[in-house]
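Asker: Below is the sequence, then the predicted model.
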Amino acid sequence: MKTAKYLVPDDYMADPAVHVFDGKLYIYPSHDRDSGIPENDNGDHFDMKDYHVFSITDDVENGVVTDHGIVLDVKDIPWAGRQLWDCDVAHKNGKYYMYFPLKDKTDIFRIGVAVADRPEGPFIPQPDPIRGSYSIDPAVWDDGDGNFYMYFGGLWGGQLQRYRDNKALENAAFPADDEPAIPSRVVKLSPDMLQFAEEPRPVVILDKNGKPLTAGDTEKRFFEASWMHKYNGKYYFSYSTGDTHLLCYATGDNPYGPFTYQGVILTPVVGWTTHHAIVEFRGKWYLFHHDCVPSGGVTWLRSLKVIELEYLADGTIKTVEGVKKQHPN
């Protein structure tokens, strides 16, 4: 049975975004620090101030992981408030674009962009966040035809429940259990990669009967941690169910969806959050994720892991069994 490998044993890194650039695998994680504030649904226990970049040149399971150091710091972002949560990076025309969620000076999450000449940075932030951006967990998909799409959104501390039709609500609102679940969002990026090219759209996930997943279906519906990859011509939208601690996936025929729910990628791990990336490297597919085993189960100090991912003949993903979670929720 395959076992997961810890990638950065000497520091707490989480929420990995992973890409292959110029034949080398790059990992873009968030960086966990304990704020000293008791854990709460707003994430105030996270004191996340910077990003590192890591790379692997050869074998993922046994190769050397290189730390390229701090590539973006909150103090260098003009509009910064606090909490640099998970980021992602895309490459276009010789430039590398880092997309990051950050609370502005009014404590509202926006999504910013920083630009670099190399995949390992350093990244220079733009003076303002993306116009019309909100919430967290940006994940960018290069569709191979010149178009790039961002998937984003997260509930509870991620503030997605504060928006409807891309407009802020006066009060946060959650649907009833039998109503459609709050969806993540997808939006095409502008040609210069610095803005949205359109209004963000809902990412609709359907059950096997073609009906949208409901808010009460907490073991299947979206909560946070969008990721997109493609396998055998199909689009695989994967995500975390949040408070039920599962990584799930749904498949579709285009970047906008709709996507049909298929199953569980990863069962619960030690800790609260589950966040991941899926990438092919040197002929193998890998699942990058995190858990809280090295911190002794402290649920906001997370460590990066990787394990080989397997597909069955029909394109379904073989479920990875996570370490049993140790959390009151």
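Answerer: That came through, no problem. Residues are numbered from 1 along each chain as shown.
Asker: any idea how far residue 255 is from the nearest residue to residue 35 once chain neighbours are set aside?
Answerer: In space, and not counting its chain neighbours, residue 35 is closest to residue 47: 3.6 Å by CB to CB, 6 or more residues apart in numbering. Bear in mind the C-beta positions are built from the backbone N, C-alpha and C, glycine included. As judged by CB to CB, to the nearest Å, residue 47 and residue 255 stand 35 Å apart.
Asker: show me what contacts residue 49?
Answerer: Counting by CB atoms under 8 Å, 6 or more residues apart in numbering, residue 49 makes contact with 31, 33, 73-75, 84.
Asker: Between the residues you listed, which sits nearest residue 139?
Answerer: For the contacts of residue 49, the residue nearest residue 139 by CB to CB is residue 84; the value is 15.7 Å.
Asker: in the stretch 201-329 of the chain, what spans have low per-residue confidence?
Answerer: Scanning the stretch 201-329 of the chain for pLDDT under 70 picks out 324-329.
Asker: and with 90 instead?
Answerer: Scanning the stretch 201-329 of the chain for pLDDT under 90 picks out 271-273, 296-300, 323-329.
Asker: so where do the strands sit in it?
Answerer: Applying DSSP state E, counting those that start in this stretch to the stretch 201-329 of the chain gives strands spanning 201-203, 205-206, 224-231, 234-240, 247-252, 259-266, 277-281, 284-291, 303-309.
Asker: Reformat the ones you listed as a markdown table; add mean neighbour count.
Answerer: Formatted as a markdown table, the strands of the stretch 201-329 of the chain follow (neighbours: other CB atoms under 10 Å):
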| stretch | mean neighbour count |
| --- | --- |
| strand 201-203 | 20 |
| strand 205-206 | 22 |
| strand 224-231 | 22 |
| strand 234-240 | 23 |
| strand 247-252 | 22 |
| strand 259-266 | 20 |
| strand 277-281 | 20 |
| strand 284-291 | 22 |
| strand 303-309 | 22 |
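Asker: need those in JSON lines with distance to residue 189, can you?
Answerer: As requested, the strands of the stretch 201-329 of the chain are arranged in JSON lines below (distance: least, CB to CB, whole Å):
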{"stretch": "strand 201-203", "distance to residue 189": "13"}
{"stretch": "strand 205-206", "distance to residue 189": "22"}
{"stretch": "strand 224-231", "distance to residue 189": "13"}
{"stretch": "strand 234-240", "distance to residue 189": "17"}
{"stretch": "strand 247-252", "distance to residue 189": "19"}
{"stretch": "strand 259-266", "distance to residue 189": "20"}
{"stretch": "strand 277-281", "distance to residue 189": "19"}
{"stretch": "strand 284-291", "distance to residue 189": "23"}
{"stretch": "strand 303-309", "distance to residue 189": "27"}
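Asker: The ones you listed: which one's closest to residue 161?
Answerer: Judged by CB to CB, the one of the strands of the stretch 201-329 of the chain that comes nearest to residue 161 is strand 224-231, at 11.5 Å.
Asker: so what strands line up beside the closest one?
Answerer: strand 234-240 (antiparallel) (DSSP bridges).
Asker: From the chain's centroid, how far away is the partner strand?
Answerer: With CA atoms, centre = their mean, to the nearest Å as the basis, strand 234-240 stands 11 Å off its chain's centre.
Asker: residues in contact with residue 276?
Answerer: In this structure, residue 276 makes contact with 16, 225, 227, 238, 240, 247, 265-266, 287-289, judged by CB under 8 Å, 6+ apart.
Asker: let's see it at 10 Å
Answerer: Residue 276 makes contacts with 15-18, 225, 227, 238-240, 247, 265-266, 287-290, 305, 309, 320, as judged by CB atoms under 10 Å, 6 or more residues apart in numbering.
Asker: cool, residue 12 as well?
Answerer: Residues near residue 12 by CB under 10 Å, 6+ apart: 29-34, 48, 290, 292, 294-295, 298, 300-304.
Asker: Generate a PyMOL selection restricted to the buried subset of those residues.
Answerer: The buried residues among those can be selected in PyMOL (16 or more other CB atoms under 10 Å) with this line:
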select buried, resi 29+30+31+32+48+290+292+294+295+298+300+301+302+303+304
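Asker: Noted, bye for now.
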